[in-house]
Every structure is written in structure tokens, then in C-alpha cells.
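Asks: Return a 3D structure for these sequence lines:
(2 chains)
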Amino acid sequence: MGPQAKGVEMRYSGFRVITQGLFGNTGWKPAWRNPAPKAEYDAIVIGGGGHGLATAYYLARNHGLTNIAVLEKGYLGSGNIGRNTTIVRANYFLPGNSEFYSHSLKLWEGLEADLNYNVMHSQRGVLNLFHSDGQRDFFARRGNAMINQGDDAELLDREGVRRMVPYLDFEQTRFPIYGGLLHRRGGTARHDAVAWGYARGADQRGVDLIQNCEVTGIDLQNGKVTGVQTTRGAIRAKKVGIVVAGRSSQVAAMAGLRLPIESHILQAFVTEGLKPVIDQVVTFGMGHFYISQSDKGGLVFGGDLDFYASYAARGNLPMVEHVMEAGMTLMPMIGRAKLLRSWGGIMDMSPDGSPVIDRTPVDGLYIDCGWNYGGFKAVPASGWCMAHLMATDTPHEVARRFRLDRFATGHVLDEEGTGSQHNLH
Amino acid sequence: MRLTCPLCGPRDLREFYYYGADTWLRRPAADAPPESWDDYLHLRDNPAGETRDLWYHEAGCAQWLAVTRDTITHAVHQVDLVAAPKGGVK
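Replies: You can find the predicted model right below:
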């Protein structure tokens, strides 16, 4: 095998921005190469979204595996990583989830320095509102679980919430606001930049990022993976990772696997750009509504699933109306904001609301899926743990409970306690 | 997307409660092996294309419906009653 292809090298800095500005910005180079696929790699990651690119990056960075390829059927970051509500948080309750998201938040906090890329990570705080005594008790318990995990949580009473977000309608008849659980280290990040930062980091370490390359088959021999068939020819590899979110069932079926996944639609919305008005992420669980404001000024908000299985990447109007109603109930001040656009992502819903990062019954075939509608914040740790799994063949400590067989054995991680119905998580 | 209920006619989506794939109709026997129950409760074909799933006409006739539809286009092909009508109703 010949020498490794070297990725595009260019270190970003404030100094470079200034000097480039002085000379007409003519010196910027593409952030990654656009290579043709080789006949064979040591490992292949199917899926060039956030999780797939992060997996490739950490395979190279943490495990020294650089003869690897990411195969993406469209363009990099063209799926849910480019269309989401960008919330980063570590406020989980169950052992198994708690340590994983805690690990992810720590990776977020060092991500920009590690990638030399501005992902606009902003720890502006996540405020979960509660509306009854029972909900307050549960939020106190969840906050304690977060603190026990080593993360932060503060229980605010109504006046505490009022000081932070005085514009909410505190006296609404249906769900009066009793207080909130504040997670100060939570916040948002620029979603596309996360994909681009990981892509650039992986490329610089020699990873081939191959776009417009759809996997059409997985080659097996005696129960082992030998490679994949693609629209750009056959590629051999002894290790293949499936990291394809909403399309997990289709790709896994190429290896004869049937997954505990049902793909659902989740809509989200953006308004026109407004002056800064919402300083943190506010969630209104009782109304199935959450909102933040992007750095461009648009209000970014969403609600619940449309609730029926779908690959349409667009939702129906009843949920649009429901989300708008919930927003108006919580913060009537946004009523005059004009909605700019909406979109629908394909969510890989699992039967317990928690993900899978595990080996499959096929030797050399690994899967990272089941992110429900919480995949964005998980990108760093998911890539970290999937890379660990693919490189060492053992689960990473913080992802050891994300087993594919946990449904059969009863070791489910049902954070919301809603049972094995895919659309209820 | 609207569903044409065999009893009530074309109705707004908000009248229905969605349950999931029609796998739910094929409940294993009580003494079936654990693998059958895992399959029934958790594993799904999850097709991109034609599917058959269960909807409950909650705000209408309170019947369970088996809907054949396309998950990519949201086109609805057929809506059947899960339970056969009793008596002379057709």
C-alpha cells in the first residue's frame, strides 16, 4: 500500500482571518479533499453525518487508524446534523445515559480547541420549566442525579425563573409555571459547523471522505464482513460501521439484520432574524415546546414527533399548529415573529428512547443508531465511543449499556418510562 | 395527510391515535419463546415505502384501523377495520 494521502492542512486563527481580510480572502483553501474511493480500507464508516464524521475523526485521533473512509450518499452533513435545534445538554437521569451525556458535554467543552474549528458552542444554559408539585419533585430528583454525575443543576422557584425570563406567561390557566431546573453548562452550538469541523479534522488525519457514494450492499463471507457495494464500486474492508440515523433499518437489512428501530418525523421551525431576546434554551415539556435563539437572531423551536412512521422529511400541519399554540401559550411576545421556514427530520426511534452503540451478530459489523430526537448533543461522545468499539472490539466504558440485545434481555434504558412503543420516547 | 375511515369517511389526522406497525396484531402465544416476544415488542421492518400500521379512531368511531400507506410520500392506499363488523353491518 502506498503512502497515506495527506489531508488539506490549514490552521485557522484570528491572525489568519485578519490577514486574509486584508488580501481579499483569496488565500482560503477547501477544508477537505474530495478523493475517489480506494479499493480497500482498514475500516469504513457508512454515513457522513455528525456521528459518522465524529467516529472517523476519533478513529484517527484516538486510535491511529487513518486508512479509513466515510461513505456518504449525499453531501457531508446533509441529514439531521444540518437540520436540528442545536441543543447541547447533559441532564439525563438513568445510569447508562447519565455518564454518557456527561462525557459528551465534557468533549463539547474542549471541542473547538481540539478541532481548531469554531463550532460556536455557547453554554447559555438550558431551563426546563415545571408546572406542578409532582413535577417539581421529579425535577429535583433529576437535578440530584445530574449533580451526582458531576454535572450542574439548580432548582429555581417561580421568582427565580421570573428573574431570568420575565416575559413568560406565568399565570396561564392550564400549566402555571411553578419553577424550573437550570442546567448552566447546557446550551447550543452551530450544527453545520460541528459536521464541518469533524470532517476537516478527519481529512487532515488522512481519512477519505467520499461523497455521493451510496452503499447498496454489504458483503459477507462466513458471517464476516468483507466490504460494501456502492454506487461508486465495491470497496473492501474488514470493519464496517453503520452510522446512518433514520436509514438504519435499510442499511442493516443489507446484512440481514432487523433492528428495534422505527423511523419517525420530527418538525422544527425558524423565524426571521430578531434582536437578542431569548438568552437561553427554554423548554416547556407540558406543552411539547422548546425554544432558543440562534446567533443569527432567528427563534429556533420545535415540539413533538408527528407520531407516525415516516421517511418524507416533512411533516403535516396539525403538529405545526400545535407547536405554534404551545409557543403562544408560553411566551405570547413571540406572536408577531414571522415564521421563516420549517423542516422535518427522520428520527431513528428506539423502543426505550436510548441509543445503540454495539457490535452486531455479524463479525466486523458495528452499529450506532437509535438516537431518537436527541442525537445532536451526543455527537462527540457517540463518535468517541463508536471509534473505541470499532478499534478495540470492546464497548467504551460510558456506552457499555447501549447494547443491541438489551431489549431481548430486558436491560432497557427507558428514561421517560413510557414502555416499548417507538413513538412515545 | 387525511385518513378515510371505513365507517366515518375522510377525517382529519388529529382524530386518530397512532400505535405503530401492524406487527402488534400478531401477538405471540403466552408460552412463546422470549425471542418471539422481543420480535413482537421491539423489532420492526420499518419500511421506506409501503407500510401497514395501526391507527385508532379516537375522536370518531373508536375503531382500530389498519392503514396501508407510503412512508415516503404520505399517500394513503387503503384503510381497513381491524375487527370484522358484527351483525349485518357492511
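Asks: Helices along chain A, start to end?
Replies: A:14-22, A:50-63, A:98-115, A:133-148, A:158-164, A:191-204, A:248-253, A:317-330, A:375-392, A:406-409 (DSSP state H).
Asks: right, so the ones you listed: which one is the most enclosed?
Replies: Mean neighbours per residue, mean count of other Cβ atoms under 10 Å in any protein chain shown, is largest over the helices of chain A for helix A:50-63, with a mean of 28. For glycine as for every other residue, the C-beta is placed from the backbone atoms N, C-alpha and C.
Asks: That one versus helix A:375-392: what angle between them?
Replies: If you take axes from the mean of the first three to the mean of the last three Cα atoms, to 10 degrees, helix A:50-63 sits at 40 degrees to helix A:375-392.
Asks: quick check, distance from helix A:50-63 to the centre of its chain.
Replies: Here helix A:50-63 shows a centroid-to-chain-centroid distance of 14 Å under the convention Cα atoms, centre = their mean, to the nearest Å.
Asks: helices or strands up against it?
Replies: Counting contacts by 3 or more Cβ pairs under 8 Å, 6 or more residues apart in numbering or on different chains; DSSP states H and E, helix A:50-63 is packed against strand A:43-46, strand A:68-71, helix A:191-204, helix A:375-392.
Asks: burial of residue A:260, as a residue count?
Replies: Using other Cβ atoms under 10 Å in any protein chain shown, residue A:260 has 29 other residues around it.
Asks: same deal with residue B:59?
Replies: Residue B:59 has 13 neighbouring residues, counting by other Cβ under 10 Å.
Asks: Identify the residue spatially nearest to residue A:407, adjacent ones excluded.
Replies: Counting by Cβ to Cβ, 6 or more residues apart in numbering or on different chains, residue A:407 lies nearest to residue B:42, which is 4.1 Å off, once chain neighbours are set aside.
Asks: Who are the contact partners of that neighbour?
Replies: By Cβ atoms under 8 Å, 6 or more residues apart in numbering or on different chains, the contact list for residue B:42 reads A:260, A:351, A:407, A:408, A:420.
Asks: residue contacts, the last one?
Replies: Contacts for residue A:420 (Cβ under 8 Å, 6+ apart) come out as A:351, A:352, A:407, A:412, B:41, B:42.
Asks: In JSON lines, list the residues you listed along with distance to residue B:16 and pLDDT.
Replies: JSON lines is the format used below for the contacts of residue A:420 (distance: Cβ to Cβ, whole Å; pLDDT from 0 to 100):
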{"residue": "A:351", "distance to residue B:16": "21", "pLDDT": "96"}
{"residue": "A:352", "distance to residue B:16": "25", "pLDDT": "96"}
{"residue": "A:407", "distance to residue B:16": "27", "pLDDT": "95"}
{"residue": "A:412", "distance to residue B:16": "27", "pLDDT": "95"}
{"residue": "B:41", "distance to residue B:16": "22", "pLDDT": "95"}
{"residue": "B:42", "distance to residue B:16": "24", "pLDDT": "96"}
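Asks: Which one of the residues you listed is nearest to residue A:53?
Replies: Nearest to residue A:53, judged by Cβ to Cβ, of the contacts of residue A:420 is residue A:352 at 26.3 Å.
Asks: is it true that that closest one touches residue A:413?
Replies: Yes: between residue A:352 and residue A:413 a contact is recorded at 5.4 Å, counting by Cβ atoms under 8 Å.
Asks: that older thread, and the contacts of residue B:42 as CSV, adding distance to residue A:388?
Replies: Shown next, in CSV, are the contacts of residue B:42 (distance: Cβ to Cβ, whole Å):
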residue, distance to residue A:388
A:260, 22
A:351, 25
A:407, 23
A:408, 24
A:420, 28
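Asks: hmm, back to that, what sits in contact with each of residue A:352 and residue A:413?
Replies: residue A:406.
Asks: Neighbour count for the two, which is higher?
Replies: More crowded of residue A:352 and residue A:413, by other Cβ under 10 Å: residue A:352, with 26 against 19.
Asks: contacting residues for the more buried one?
Replies: For residue A:352, the contact set (Cβ under 8 Å, 6+ apart) comprises A:406, A:407, A:412, A:413, A:414, A:415, A:420, A:425.
Asks: so which of these comes closest to residue A:131?
Replies: In terms of Cβ to Cβ, no member of the contacts of residue A:352 lies closer to residue A:131 than residue A:415, at 19.5 Å.
Asks: Residue B:36: helix or strand, and which one exactly?
Replies: For residue B:36, the host element (DSSP states H and E) is helix B:34-41.
Asks: That helix vs chain A: in contact?
Replies: Yes: against chain A, helix B:34-41 shows contacts by Cβ under 8 Å from any Cβ of the partner chain at B:34, B:35, B:38, B:39, B:41.
Asks: go on, stretch B:19-33?
Replies: Yes: judged by Cβ under 8 Å from any Cβ, stretch B:19-33 comes into contact with chain A at B:19, B:20, B:21.
Asks: what about that stretch, start to end distance?
Replies: Using Cα to Cα, to the nearest Å, the end-to-end distance of stretch B:19-33 comes out at 24 Å.
Asks: how about the nearest residue to residue A:160, chain neighbours excluded?
Replies: Per Cβ to Cβ, 6+ apart, closest to residue A:160 is residue A:179, 6.7 Å.
Asks: same deal with residue A:153?
Replies: With sequence-adjacent residues excluded and distances taken as Cβ to Cβ, 6+ apart, residue A:153 is closest to residue A:143, at 3.5 Å.
Asks: can you check residue B:7 too?
Replies: Nearest one to residue B:7, counting by Cβ to Cβ, 6+ apart, is residue B:61 at 4.4 Å.
Asks: For the one you found, give me its contacts.
Replies: Residue B:61 makes contact with B:5, B:7, B:8, according to Cβ under 8 Å, 6+ apart.
Asks: The second one contacts residue B:64, doesn't it?
Replies: Spelled out, that is residue B:7. No: using Cβ under 8 Å, residue B:7 is not in contact with residue B:64, being 11.5 Å away.
Asks: tell me, what's touching the two both at once?
Replies: Joint contacts of residue B:7 and residue B:64 (Cβ under 8 Å, 6+ apart) are B:57, B:81.
Asks: near chain A, which residues of chain B?
Replies: Chain B comes close to chain A at residues B:1, B:12-14, B:18-21, B:34-35, B:38-39, B:41-48, B:51, B:53, B:55, B:71-74, as judged by Cβ under 8 Å from any Cβ.
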